[in-house]
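Colleague: Any chance you can model this:
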Amino acid sequence: MPDGKEITIESGKLARQADGSAVVRMGNTMILATAVANQDAKEGMDFFPLFVDYQEKFASSGRIPGGFFKREGKLSDYEVLISRLVDRAIRPLFPDDFLAETQITLYLISADSEILPDCLVALAASAALSLSDIPFQMPISEVRVVKHEGQYLINPPSSLIKKGTLDLIVAASFDNILMVEGECKEVQESEMLEALKIAHEAIKVQCQAQIEMAQEAGKTQKREYSHVKHDEALRQELFDKYYPVYYEICNRKIANKSERSRLVKEVKQAYLESLPEDTTVSKGLAKQYLEEAHKKAARDMVLNERYRLDGRQLDEIRPIWCEVDYLPSTHGSAIFTRGETQSLTTVTLGNKLDEQLIDGATHSGTEKFILHYNFPAFSTGEVKPSRGPGRREIGHGNLAWRSLKNMLPTDMAYTIRVVSDILESNGSSSMATVCAGTLALMDAGVPIKAPVSGIAMGLISDSKTGKWAVLSDILGDEDHLGDMDFKVTGTAKGITACQMDIKVDGLSYDVLAAALEQARRGRLHILEKITATLSEPKADYKPHAPRFELIRIPKELIGAVIGPGGKIVQEIQRESGATVIIEEKAGWGEVTIFAANQQAMDEAYRRVKDIVAEPEVGGTYNGTVKTITTFGAFVEFMKGKEGLLHISEISWKRLESMDGVLELGEELQVKLIEVDKKTGKYRLSRKVLLPKPEGMPEESKRPPSQYQKR
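Modeller: Sure thing, here's the model as predicted:
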């Protein structure tokens, strides 16, 4: 590995009954990968049932799971995201006619805080497949590439990742890049291309190591299988008859998705209904071959005619309309509609108690920025039961989260939750989430650094003719029939996140550069539409949004605000209705007050300031009599602070005793006239705030030595 890092691949010691297994190690991070595939496919199977599960064992980092059961359970969102990284990289490399259930299981069995496992799991999965007889076509690997201080680093320590301006996970075979996912801090397209080239060189080394290891282990022979029996005569017959029909439909420039879908379905249905009852034609194969003919016709139409299924030019963006402040009771809301894709997104502002708790084997703590993406069945006109977010929803939400998070202010006191509900979908609802999220954050008054937009790109290419077409703002149909799905988000200044899946071999860097440049232009076009609706964050939060005040206090006063057993802070919250959160920072304390209205804020703020404020000589205070003695009274003039109001300082008239002069609990205004530097005791006066009788001679000040003890 570059930079002197060593990665080892071991096999033959663990999980020997799996079809293939491997342990990948870098530093103290160790991944156990197993690959198992059934010999036969289930009857009627028409897709590849691949299951990839990554799980972190808490013991790997010397931790015991939280919760009641104290054991690993359902995969966390983080584990699902890593599982997706592997799935997206390896899925295209199984033969199209291999349909047996296949499972890749990945365990983190030893953790190293400086070496993240996400850059090693695909290597482990590929090694296990390469050491098995499962028909996996070629080894692949993934690496992380980070740009830090102008240098591109491969799999750097985790302490450097957040300091970098670019953080990508890149998957590739020896010859081709397969998958890219990551986030950036407004980098240029040229920087991303350079990162991909450097990552690919490192991956080639890892792929070669797997080839050599499989040869040494004698694991180069793959199993024979027969999951699909094709009828080449039927395939050719259907292609010859229906390819022209499909080409004509695709060439009609029909903008409505439902109408296009209806016409295609009618062709298939008419053929199936034309078959006699005693036909020997496999209807399953016939459907497959008709879909192949339609896909080929759609691709050829784009390459030949240079326009899209819905009649757009290759780089044309669908019509966009936006609206903010649509929902009156939310803290921020926006609608973003592009063509037949629509997101209704809300922003909710919460306090520190609303932060998301994270309890993982390798990472724990809290998260202040949360983004959830929901994709209900009605958004595509379907009927499906609601079962909670699936892997797709988690992945799309994470991409939008990464796109926006670096644009949030670093000193934000709020916990921010963004929720995107997709109400209509025909292509790239995750990018609609980014756009709607930007608008909703600005509508909520969150001072983001810059607006962010996103666009989904596609590619159709033909290696025989050399023709290719990059498509901006792809439809759902184009995503299905294309060779690349490439999502890019960013500001006017540069890229903030990307996600790319490549389904074709031999994609050149020239084509990739053209796609990035076309994406940049499309992204800026969408950004213009967003900023035409709302150009910058609103100057203030909504009237019903919670407000906050931050008070920094000396570290030694934290206990005074909290009080014994939390008595003081609980009293402030109970009596004011505000939420008061106290944190110890390096060298000071931070008191954050959240309140739903100004009255609650003012009351809680005053109470805290009274506790932590330092009395000023010459200051006037509203006090309460706490104790009466023969020589005067002790008055609480600030929360927790009492001073002596001597009998001589109560009135200009000479008082012989304290009988009947003051009452316990009586409120009066006093002035702080002296602080004893040695004892820290306070001396108060009431008479200096009263009009002095005419003709009364000046009195000499009593020396501090006459302070009385309580």
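
Colleague: Phe94 versus Ser76, what's the distance?
Modeller: Distance from Ser76 to Phe94, counting by C-beta to C-beta, to the nearest Å: 27 Å. Where C-beta positions appear, they are placed from N, C-alpha and C, glycine not excepted.

Colleague: tell me which element the nearest residue to Ala469 once chain neighbours are set aside is part of?
Modeller: With C-beta to C-beta, 6 or more residues apart in numbering as the measure, Ile460 is the residue that lies nearest to Ala469, at 5.0 Å, once sequence neighbours are left out. In this assignment (DSSP states H and E), Ile460 forms part of strand 453-461.

Colleague: Kindly report the same for Pro244.
Modeller: Per DSSP H and E: Pro244 is located in helix 232-250.

Colleague: go on, Ala128?
Modeller: For Ala128, the element it lies in under DSSP H and E is helix 121-130.

Colleague: which secondary structure elements does the very next helix or strand once past that helix contact?
Modeller: Using DSSP H and E, the helix or strand that directly follows helix 121-130 along the chain is strand 140-148. Judged by 3 or more C-beta pairs under 8 Å, 6 or more residues apart in numbering; DSSP states H and E, strand 140-148 is in contact with helix 77-90, helix 121-130, strand 151-154, helix 158-161, strand 166-173, strand 177-187, helix 189-217.

Colleague: and the angle for strand 140-148 with strand 166-173?
Modeller: For strand 140-148 against strand 166-173, the angle by axes from the mean of the first three to the mean of the last three C-alpha atoms, to 10 degrees is 160 degrees.

Colleague: thinking again about what came up before, any idea which of the helices and strands packed on strand 140-148 is most buried?
Modeller: helix 121-130 (a mean of 30; mean count of other C-beta atoms under 10 Å).

Colleague: picking up where we left off before, outside of the helix holding Ala128, which residues touch it?
Modeller: By C-beta atoms under 8 Å, 6 or more residues apart in numbering, the residues outside helix 121-130 that reach it are 7, 9, 11, 18, 20-24, 31-35, 52, 54, 82, 85-86, 89-90, 104, 106, 136, 139-142, 171, 206, 210-211, 213-214, 219.

Colleague: list the contacts for the residue nearest the centre of the chain?
Modeller: Nearest residue to the geometric centre of the chain (C-alpha atoms, centre = their mean): Trp401, 3.0 Å. Going by C-beta under 8 Å, 6+ apart, Trp401 touches 369-371.

Colleague: for the strand or helix carrying it, what is the average pLDDT?
Modeller: Using DSSP H and E, the element containing Trp401 is helix 391-405. Helix 391-405 carries an average pLDDT of 96.

Colleague: Counting by contacts, list what the next helix or strand after that helix packs against.
Modeller: The first helix or strand that comes after helix 391-405 along the chain, using DSSP H and E, is strand 415-424. Where contact means 3+ C-beta pairs under 8 Å, 6+ apart, strand 415-424 is packed against strand 341-350, strand 369-374, helix 391-405, helix 429-443.

Colleague: what's the most buried one of the ones you listed?
Modeller: Ranked by mean neighbour count under mean count of other C-beta under 10 Å, those are led by helix 429-443, which reaches a mean of 30.

Colleague: if you average pLDDT over that one, what comes out?
Modeller: The average pLDDT within helix 429-443 is 97.

Colleague: Could you figure out how far that helix is turned away from strand 369-374?
Modeller: Helix 429-443 and strand 369-374 are oriented at 130 degrees to each other (the same axes, to 10 degrees).

Colleague: and helix 429-443, how far out from the chain's middle?
Modeller: In this view, helix 429-443 has its centroid 13 Å away from the chain centroid, taken as C-alpha atoms, centre = their mean, to the nearest Å.

Colleague: coming back round to it: please tell me how far the residue nearest to the centre of the chain sits from Gly476.
Modeller: Using C-beta to C-beta, Trp401 is found at 23 Å from Gly476.

Colleague: likewise Pro319?
Modeller: Pro319 is 17 Å from Gly476, by C-beta to C-beta.

Colleague: Which of these two has more residues huddled nearby?
Modeller: Neighbour comparison, Pro319 and Gly476: the larger count goes to Gly476, with 16 against 10 (by other C-beta atoms under 10 Å).

Colleague: That one and Ala456 touch, don't they?
Modeller: No. Counting by C-beta atoms under 8 Å, Gly476 stays clear of Ala456, with 10.1 Å between them.

Colleague: can you list residues touching both of these two?
Modeller: Between them, Gly476 and Ala456 share the contacting residues Gly427, judged by C-beta under 8 Å, 6+ apart.

Colleague: Please, where are all the helices along the stretch 551-700 of the chain?
Modeller: Per DSSP state H, counting those that start in this stretch, the stretch 551-700 of the chain carries helices over the ranges 558-562, 567-576, 598-612.

Colleague: Any chance of CSV for those helices, columns mean pLDDT, distance to Ser425 and mean neighbour count?
Modeller: What follows is these, written out as CSV (pLDDT from 0 to 100; distance: least, C-beta to C-beta, whole Å; neighbours: other C-beta atoms under 10 Å):
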stretch, mean pLDDT, distance to Ser425, mean neighbour count
helix 558-562, 89, 50, 17
helix 567-576, 92, 44, 16
helix 598-612, 88, 42, 18
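
Colleague: With distance to Lys678 added, can I get these in JSON lines?
Modeller: Putting the helices of the stretch 551-700 of the chain into JSON lines (distance: least, C-beta to C-beta, whole Å) gives the following:
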{"stretch": "helix 558-562", "distance to Lys678": "22"}
{"stretch": "helix 567-576", "distance to Lys678": "28"}
{"stretch": "helix 598-612", "distance to Lys678": "23"}
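
Colleague: nearest to Gly589, of those helices?
Modeller: helix 558-562 (4.2 Å; C-beta to C-beta).

Colleague: and the closest one, what does it pack onto?
Modeller: On a contact count with 3+ C-beta pairs under 8 Å, 6+ apart, helix 558-562 meets helix 567-576, strand 579-585, strand 588-595, helix 598-612.
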